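Novice: can you look at this prediction? I've put the sequence above it.
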Protein chains: 2
Amino acid sequence: MKITVVGLGVIGGSFVKALKGKGYEVYGVDVNVETLREAEKEGCIIKGYVDPHEIIPETDLTIISLYPSLVLDFLRDNTFKKGSIISDAVGIKSYFLEKALSIIPDDVEYISMHPMAGREKKGYAYASKDVFKDANFIVIQHEANKPESIAFMEGFAHEMGFHSVKIMSPYDHDEIISFTSQLPHAIAVSLINSDDEKYDTGKYIGDSFRELTRIANINEDLWSELFLNNKKYLLKSIERFEEKLNVLKDAIREDDEDGLKAQFIESTKRRERL
Amino acid sequence: MKITVVGLGVIGGSFVKALKGKGYEVYGVDVNVETLREAEKEGCIIKGYVDPHEIIPETDLTIISLYPSLVLDFLRDNTFKKGSIISDAVGIKSYFLEKALSIIPDDVEYISMHPMAGREKKGYAYASKDVFKDANFIVIQHEANKPESIAFMEGFAHEMGFHSVKIMSPYDHDEIISFTSQLPHAIAVSLINSDDEKYDTGKYIGDSFRELTRIANINEDLWSELFLNNKKYLLKSIERFEEKLNVLKDAIREDDEDGLKAQFIESTKRRERL
């Protein structure tokens, strides 16, 4: 089976590294020639191409690991092998899949995926198969998907080292992701931006502040696109969070020790269950 | 110099481990005999005592690493060596220091400290000198402190491996800590408690959600005491955070891409500076 990974950044690069030695014929497409040579040298790809037209027409599984809008451009600009599977790793799905499906011809199958892994650093140099180790993976299923193709993607994710693989609709995906991924990013950004910088903050932080703000280092083009295209679910998730923060605030204001403890006991129980 | 660490939990235990081989005579006090024997065996303390009265009267520096209310009990129940220094590692300072100073006699000096380090796990088994490596340390200075005692504590913190040592008043401490420590805990608790548990959340999370909720596993007795006794500053910090979250919410609601990006660019700049 011929697999081509398009975009050898931290996720695309981790795909080719995770696929090494798994028995697939893996190729790479990237605008950066040096990245392609590096991946070739490491034996992660058989050959790298700057021009996708040289390899995509013979590829059985194309994984497009680019920014959302660039994935759509790529779908428009390329001719895919009949019967092949096309996939992407875009962070939200419903608005995106609708657009993607309207572009591709009927004789190829589109299966979107979400590897729930990443690094705050960009680029092939930070890619590693360890990025996927013990991580979660979601396969997005829509009406036109064949059950055997979904089953293939499920096994494929496990082969790359993912720990849990779930299959769900693009709508369910976007709802849960608004809570588990987008809300944490909104919180991290708001936390660090709410610093009045009266003190030299870096000298008064522990691990908790470091951890809660790591993802405040955020790609503004990508995340504004993700946020705005998942508006409904994200606003609901933010509002639910605000309600719980208000419960704490009220308890603090009213010296309600039991009320505070109840929230802490609940959060401890939930975190341990996680 | 004779140092006694009272309470060999994760912080107290890390103290004795960090002090090993630094040339001090270190003793330990704990209710758990096995912990004392373990610390003796490791050569981290010369001798361990269940009864503090056997060692505290001859101790030059007593570090009480217990819960806030137990520190006050300890101060009441013990007789300290004339001219000795007493310290604690309680998480907030102004309300606490006032109480402590009202208990101790005039012939001992009280210097509160805040090692900004910890583990989510409790107990001596999780203590390590690595807990303090590259961490921040705050020495709390009040009117009755001698400059040479403050200078000693500053050097002492560096000796234990802390990276940055700052000296500040209990009020400034509580203000900055409401933002860098208490607010992150309030956020983590509210985030995990706002999960409507419609999905099997653990299967749809990445590192960001894991990191943002680690401290939601929280000791309810300790943290309700810390929150309620730092009410004024904590409520202000929560409100400032809510304002910034509202900026994001408004931008999402109004499809204000530039407004969103501006927040992301600011948070990225701040995080990199950290």
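Specialist: Good, I have the coordinates.

Novice: can we go C-alpha only for contacts and neighbour counts from here?
Specialist: Fine.

Novice: and A:V16, helix, strand or coil?
Specialist: Recorded secondary structure, A:V16: helix (DSSP: H, G, I helix; E, B strand; the rest coil).

Novice: surely it and A:Y24 touch.
Specialist: No. Applying CA atoms under 8 Å, one finds A:V16 not in contact with A:Y24, separated by 10.1 Å.

Novice: buried residues, the longest helix that chain A contains. List them.
Specialist: Secondary structure of chain A per DSSP state H: the longest helix is helix A:231-253. By 16 or more other CA atoms under 10 Å in any protein chain shown, the buried positions in helix A:231-253 come out as A:231, A:233-235, A:237-238, A:240-242, A:244-245, A:248-249, A:251-252.

Novice: torsion angles phi and psi at the residue positioned nearest the centre of chain A?
Specialist: When CA atoms, centre = their mean is applied to chain A, the residue found nearest the centroid is A:G91 (4.5 Å). A:G91 adopts backbone torsions of phi -70, psi -20, taken as degrees, to the nearest 10.

Novice: now do A:Y110
Specialist: phi -110, psi 120.

Novice: any idea of the mean pLDDT in stretch A:194-203?
Specialist: What stretch A:194-203 shows for mean pLDDT is 93.

Novice: please save the CA atoms from it in PDB.
Specialist: The C-alpha coordinates for stretch A:194-203 follow below in PDB (Å, rounded to 0.1, in the frame of the first residue of the first chain):
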ATOM      1  CA  SER A 194      -5.200  38.700  32.600                       C
ATOM      2  CA  ASP A 195      -1.800  39.300  34.300                       C
ATOM      3  CA  ASP A 196      -1.600  43.000  35.300                       C
ATOM      4  CA  GLU A 197       2.200  42.500  35.300                       C
ATOM      5  CA  LYS A 198       2.600  44.500  38.500                       C
ATOM      6  CA  TYR A 199       5.200  41.900  39.600                       C
ATOM      7  CA  ASP A 200       7.900  40.000  37.700                       C
ATOM      8  CA  THR A 201       5.500  37.100  37.200                       C
ATOM      9  CA  GLY A 202       8.100  34.500  36.100                       C
ATOM     10  CA  LYS A 203       9.700  34.700  39.500                       C
END
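
Novice: hmm, back to that, for the residue nearest to the centre of chain A, give its distance to A:E175.
Specialist: Using CA to CA, to the nearest Å, A:G91 is found at 12 Å from A:E175.

Novice: returning to what we had before: from what I can see the residue nearest to the centre of chain A touches A:H114, true?
Specialist: Yes. With contacts counted by CA under 8 Å, A:G91 reaches A:H114, the gap being 6.5 Å.

Novice: re the thing from before, touching chain B at all, the longest helix of chain A?
Specialist: Yes. Residues of helix A:231-253 contacting chain B under CA under 8 Å from any CA of the partner chain: A:231, A:235, A:237-238, A:240-245, A:248-249, A:252-253.

Novice: mind listing what's buried in the helix or strand just after that helix?
Specialist: Next along the chain after helix A:231-253, taking DSSP states H and E as the criterion, comes helix A:257-273. Buried residues in helix A:257-273, defined by neighbour count with 16+ other CA under 10 Å: A:257, A:259-261, A:263-271.

Novice: and what of stretch A:167-176?
Specialist: Buried residues in stretch A:167-176 (16+ other CA under 10 Å): A:I167, A:P170, A:Y171, A:H173, A:D174, A:E175, A:I176.

Novice: stretch A:101-120 now?
Specialist: For stretch A:101-120, burial by neighbour count (16+ other CA under 10 Å) applies to A:101, A:104, A:108-118.

Novice: equivalent analysis for stretch A:204-221, please.
Specialist: For stretch A:204-221, the neighbour count (16+ other CA under 10 Å) marks A:204-218, A:220 as buried.

Novice: returning to what we had before: which residues are in contact with each of A:G91 and A:H114?
Specialist: Common contact partners of A:G91 and A:H114 (CA atoms under 8 Å, 6 or more residues apart in numbering or on different chains): none.

Novice: using the three-state scheme, assign A:F162.
Specialist: On the basis of three-state DSSP, A:F162 is classed as coil.

Novice: A:G21: how many residues sit nearby?
Specialist: Using other CA atoms under 10 Å in any protein chain shown, A:G21 has 12 other residues around it.

Novice: so what does the longest helix of chain A touch, helix or strand wise?
Specialist: helix A:170-177, helix A:183-193, helix A:257-273, helix B:183-193, helix B:231-253 (3 or more CA pairs under 8 Å, 6 or more residues apart in numbering or on different chains; DSSP states H and E).

Novice: switch the cut-off to 6 Å
Specialist: Helix A:231-253 is packed against helix B:183-193, with contacts defined by 3 or more CA pairs under 6 Å, 6 or more residues apart in numbering or on different chains; DSSP states H and E.

Novice: A:I3 in helix, strand or coil?
Specialist: State at A:I3, reduced to three classes by three-state DSSP: strand.

Novice: for chain B, what are the nearby residues on the stretch 151-274 of chain A?
Specialist: Residues of the stretch 151-274 of chain A lying close to chain B by CA under 6 Å from any CA of the partner chain are A:180, A:189-191, A:193-194, A:202-203, A:205-206, A:209, A:211-212, A:216-218, A:220, A:228, A:240-241, A:244-245, A:252, A:261, A:264, A:267-268, A:271, A:274.

Novice: residues near A:D134, how many?
Specialist: Neighbour number of A:D134 under other CA under 10 Å is 14.

Novice: next: the one 5 residues further on.
Specialist: Applying other CA under 10 Å, we find 24 residues neighbouring A:V139.

Novice: residues near A:G23, how many?
Specialist: Residues lying near A:G23 (other CA under 10 Å) number 8.

Novice: circling back: out of the buried residues of stretch A:204-221, which are inside helices?
Specialist: A:D207, A:S208, A:F209, A:R210, A:E211, A:L212, A:T213, A:E220.

Novice: residue of the stretch 101-250 of chain A closest to chain B, please.
Specialist: Of all residues in the stretch 101-250 of chain A, A:N217 sits closest to chain B, at 4.0 Å by CA to the nearest CA.

Novice: OK, contacts around that residue?
Specialist: Taking CA atoms under 6 Å, 6 or more residues apart in numbering or on different chains as the criterion, A:N217 is in contact with B:T268, B:R271.

Novice: can you pull out the low-pLDDT segments for chain A?
Specialist: Within chain A, the segments meeting pLDDT under 70 span A:120.

Novice: domain parsing for it?
Specialist: Domain assignment for chain A by automatic domain parsing gives A:2-168, A:173-273.

Novice: and the longest one, how far out from the chain's middle?
Specialist: When you say that, I think you mean domain A:2-168. Distance of domain A:2-168 from its chain centroid, counting by CA atoms, centre = their mean, to the nearest Å, is 12 Å.

Novice: how about the shortest one?
Specialist: Relative to the centre of its chain, domain A:173-273 is centred 19 Å away, using CA atoms, centre = their mean.
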